[in-house]
Each structure stands twice: as structure tokens, then as C-alpha cells.
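Colleague: Kindly return the folded structure for what I paste below:
(one chain, ligands or ions: 1)
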Amino acid sequence: MDDRTVILKYDGGELELPIVEGTEGGGGIDIGNLRAKTSLVALDYGFANTAGTMSGVSFVDGEAGELRYRGYSIEELAEKSTFLEVAYLLFYGELPTEAALESYTQNVTRHTLLNEEMKRLFDAFPKSAHPMAILASATNAMATFYPDFHNPTDPHAVEQSALRLIAKLPTVAAFAYKKSMGQPYMYPRNDLDYVSNFLHMMFALPVEDHEVDPVVAKALDVLLILHADHGQNCSTSTVRLAGSSQANLFTSVAAGMSALWGPLHGGANQRVVEMLHQIDEDGRDFEKYIKKAKDPNDPFRLWGFGHRVYKNYDPRARILKSFAYQVIDRVGVDDPLLDIAIKLEEAALSDDYFVERRLYPNVDFYSGLMFRALGFPVRMFTPLFAIGRLPGWVAQWREMTEDPETKIGRPRQIFTGHPARKVER
Ligand code: SDX
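Modeller: Numbers count the residues shown, from 1 in each chain. Predicted structure coming up:
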């Protein structure tokens, strides 16, 4: 640990603050005793300059445009691994042996069924319900079926609740989709691998045979790997904050799902495809939409562009862009929106506004087009992001609960309201 320090000069004098170093990506100033020593707090809207924790789960290099899970690059994992193996890696910290992966896979497979009583939950929603509302509700409901797995200080309970979530979320998502289609639920099948099982539950019907296309299954597996974790993003920070009160893993993840739904975060993948449709229907006038995105008085943003951390091309978007053509070609879908996306990207990246602000395509810019090519409706895009991000959420929550430095999250504020006053009557 480096013993470098910084000196803070303030009205009351000087305060020496230690610098803490990580293994990569630079260090930070530990302000743990700032208020006690100076009566001052640090203000940082959106925590753009503030680390809330030390973490070893994933590393995001925003300048270089690199992402690594437990030290392994997403490029290598996307090529050589599977989503379930990556889920194991994120949670346990190391790639599994063949036997460990086999056992983990069998455990997940054996828990894909929902408790039959949970089916009534889906009936409580209107057919038009957005699936993210159902996912977050069903995830909270799972906590009521597994009261023995709530204790965050019990490693077995944490492992079992994580396993139930990884195993059942695809079933919940598929049931939510079937509900919206007015079709019967398709139960999971233990003879299918994780992703093929999800595709079967999504697109099979009880009245005919259904074969999962292995090309589609492989493409979705890669997509889920690319979404699996991403440092202290909005939804992960929400999972950690909820869990810091010792709330159980189910309800902490449900809170993260709610944060993910927002269009500035995981909800962007749905907005991107809606935006591309709008541009297509509006005569593909790219300059008009670039102008709208640049106009500070216009709420329109270029969905799928920009990132708090990546000030270079999001490596996930890079993989997805090259992958998109392959998948669309292999599944034989001729999607005009991909060409529109490519041309919109070219127009934006040749405009000073985007270049000066270092706004590049992020993971959501191409992911929606891929989900669409694989046959998913646009409202399922953010639930797919949630399925992909779940291993990261549970790994980060576990790291938080096991970190001896963890305290309940309770940020301070700078008060700007009325000073004390009396009710005059
Ligand atoms: C995800 O954090 C993560 O890791 C998230 C994620 C993950 O894996 O978990 O990577 C997933 O959420 C990706 C982001 C998906 N969201 C979008 O695509 C929505 C569109 N993007 C933006 O809203 C925005 O870029 C954010 C929310 C992603 C980042 O916002 P920041 O870091 O707070 O940046 P900002 O809003 O302060 O923008 C800086 C400037 C502003 O202009 P000025 O005030 O300097 O004039 O850039 C402009 C913004 O107006 N800007 C955009 C823009 N994004 C930023 N202008 C037009 N279109 C955009 N998309």
C-alpha cells in the first residue's frame, strides 16, 4: 500500500489525507475522517469522482476501452467461455474446474422451475405490463419463498439465494413474455443448456415441436457474457446500497432491476431501437436527429451514445458491432435498422459535439439490434440486460457483505432549505 498522502487546506488549517492504491486504474483519496476533522463533507453529484468501495470483481478502463472480469478480458471470455462459466467466475472469483462447472450447471438446471404459487403473481399484472415491472416484483416475491436464505452473513444462504436467482430469472422473464402474448407458459426443460432452455421457454408452444437454433443460442450466450458485470454502475450500486442494510439478496437485486429499467441505464437498449425506427420513418434524416441531440433545450438524446466511464469506444459495443453482421447474416434477418445505426454512428463521430465530449456508442447501441435479430420483442431487451447482469449483481453483493470495511450506505447532504422557523398562527 502506497503511503502517499494529500494535504487539504481549509479555513481551520490543513488535513493530511492518505491515498489508497488499487491493483489497476489509479488510486483515491481516503476521506474517511474528513467530516470528523473539518466538519466538511465532499459533494459529488452522480459520484462521478467518488469510489464507494474497493472491489475486485471487474475492471473497466474507460480511457483504453477495456473490460475484464476477475482479470479475464471480455474478448477472451466471449470467445472461449460460456455465460454460466462466467457467472461462476464472477461469483467464486476463479474459473471452475470441469467438475465444478458440471456440478454448478446441474445445480442451476435443477432450480429453474418456479414455485407453482408464483404463477398467480403474473395474473396480477395487466397484459400490457412492462416485463421489467414483473421481473422486479417476481424477484422480490422469490424472497417470500426462500425465507431460510435471507441471512447475508451465512455463506450457504448467500450461495443458495444466488443459485435460485440465476436459475429462475430466465423462467420469470419467459413467463412474463408469454403472459404478454396471451400464450401458455412453457416450463423449463432439464435436457437443455441454460440459454437454449430460456429460448425454448420464450418461443416454444405446447402445440408443436420446437428446436432451438444453436446459432441463436450461441449468440445470446455471448450477449449475456458481455452484460455480466461492469464495476459500480447505477444498478450495481443500488444492489450494494440496498444490501448494505443487510436486506436479503433477492430484494437487493429487485432494487437493482428497478434502477436498470431507467432509459439512461439498461432501458437505453429499448430506446435505441425505438429511436432508429423513428429515424427510419422520418426519412433517415440523420442530421436532424444529431441536431436534436446537440440541442440543450431538446430532451432528445442519442440513445446508446455516451458513457460515464468510457471516453473511448465501449469494448462491448465494438464486439457487438462486428458480431451483429455475422448473426444477422447467419439467422437470415435483413434488418434495415443496422445500416441506420452504422450511418448514425458515422454521422455522430464526425461531429465536434460528440468528439469533444468523447461520446461513443455504448453497449446499448448495438445490443438491441442483436436481441431483435434473435427474435426478441423490444420490451424484452432490458429484461435480457437484467438476466445478463444478474451474475455481476450477486457477485458484487456478496463481495460487499464479506468486506469487513462495509458500513450501511448513508450519504450526507448539503442542506439548502429553509432555516428553522415557527408555525405562525
Ligand atoms: C449503461 O455505468 C455503466 O457502467 C452503465 C452500463 C453498464 O454496463 O452498467 O455501461 C450500461 O447504462 C450504458 C449507458 C446507456 N445510456 C444511454 O445510452 C443513454 C444516453 N446516454 C447519456 O444519457 C449519458 O451519456 C450517460 C447517462 C450514459 C452518461 O451520462 P454522464 O456521464 O452523466 O454524462 P453527461 O450526461 O454529463 O454528459 C456529458 C455531456 C453533456 O453535455 P454538456 O452538458 O457538456 O453540454 O455530454 C452530453 C450531455 O448533454 N451527452 C449527450 C449524450 N450523452 C451525453 N448528448 C446527446 N446524446 C447523448 N447520448
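Colleague: Touching, residue 69 and residue 86? I think so.
Modeller: Yes. Using Cβ atoms under 8 Å, residue 69 is in contact with residue 86, at 6.4 Å. Every C-beta, even on glycine, is put in place using the N, C-alpha and C of the backbone.
Colleague: Can you check which residues contact both of the two?
Modeller: Common neighbours of residue 69 and residue 86 (criterion: Cβ atoms under 8 Å, 6 or more residues apart in numbering): 77, 228.
Colleague: who touches the residue in the stretch 251-400 of the chain that the ligand sits nearest to in this structure?
Modeller: Ranking the residues of the stretch 251-400 of the chain by distance to the ligand (Cβ to the nearest ligand atom) places residue 306 first, at 2.3 Å. Neighbouring residues of residue 306 by Cβ under 8 Å, 6+ apart: 357, 359-360, 362.
Colleague: buried subset of these?
Modeller: By neighbour count, with 16 or more other Cβ atoms under 10 Å, those hold 359-360, 362 as buried.
Colleague: Could I get these in CSV, plus columns for pLDDT, distance to residue 210 and secondary structure?
Modeller: Listed next are these as CSV, based on pLDDT from 0 to 100; distance: Cβ to Cβ, whole Å; DSSP: H, G, I helix; E, B strand; the rest coil:
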residue, pLDDT, distance to residue 210, secondary structure
359, 95, 42, coil
360, 94, 39, coil
362, 95, 34, coil
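Colleague: where's the residue lying closest to residue 365 once chain neighbours are set aside relative to residue 82, distance?
Modeller: Nearest residue to residue 365 in three dimensions, chain neighbours excluded: residue 304, at 3.1 Å (Cβ to Cβ, 6 or more residues apart in numbering). Shown here: residue 304 relative to residue 82, a distance of 26 Å by Cβ to Cβ, to the nearest Å.
Colleague: out of these two, which sits in the more crowded spot?
Modeller: Higher neighbour count among residue 304 and residue 82: residue 304, with 28 against 19, using other Cβ atoms under 10 Å.
Colleague: residues in contact with the strand or helix carrying residue 142?
Modeller: Residue 142 belongs to helix 131-145 when assigned by DSSP states H and E. Residues from elsewhere that reach helix 131-145, judged by Cβ under 8 Å, 6+ apart: 114-115, 117-118, 121-122, 125, 150, 164-165, 168-169, 172-173, 176-177, 179-180, 248, 250-251, 253-255, 257-258, 260-261, 267, 379-380, 382-383, 386.
Colleague: Is there a quick ChimeraX command that grabs whichever of the residues you listed are buried?
Modeller: This is the ChimeraX syntax for the buried subset of the contacts of helix 131-145, where burial follows 16+ other Cβ under 10 Å:
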select :114,118,121,122,125,150,164,165,168,169,172,173,176,177,179,180,248,250,251,253,254,255,257,258,260,261,267,379,380,382,383,386
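Colleague: which ones among the contacts of helix 131-145 are found in strands?
Modeller: Among the contacts of helix 131-145, none falls in strands (DSSP state E).
Colleague: Now do the top helix by length along the chain and helix 131-145, the angle between them.
Modeller: When the chain is parsed with DSSP state H, its longest helix is helix 155-181. If you take axes from the mean of the first three to the mean of the last three Cα atoms, to 10 degrees, helix 155-181 sits at 140 degrees to helix 131-145.
Colleague: I'd like the next helix or strand past helix 155-181.
Modeller: helix 194-203.
Colleague: what's next to the helix or strand just after that next one, contact-wise?
Modeller: The C-terminal neighbour of helix 194-203 among helices and strands, as given by DSSP H and E, is helix 214-226. Helix 214-226 is touched from outside by 74, 77-78, 81-83, 86, 193, 195-196, 198-199, 316, 319-320, 323, 327, 330-331, 363, 367, 370-371, 373-375, 384, 387-388, with contacts defined as Cβ under 8 Å, 6+ apart.
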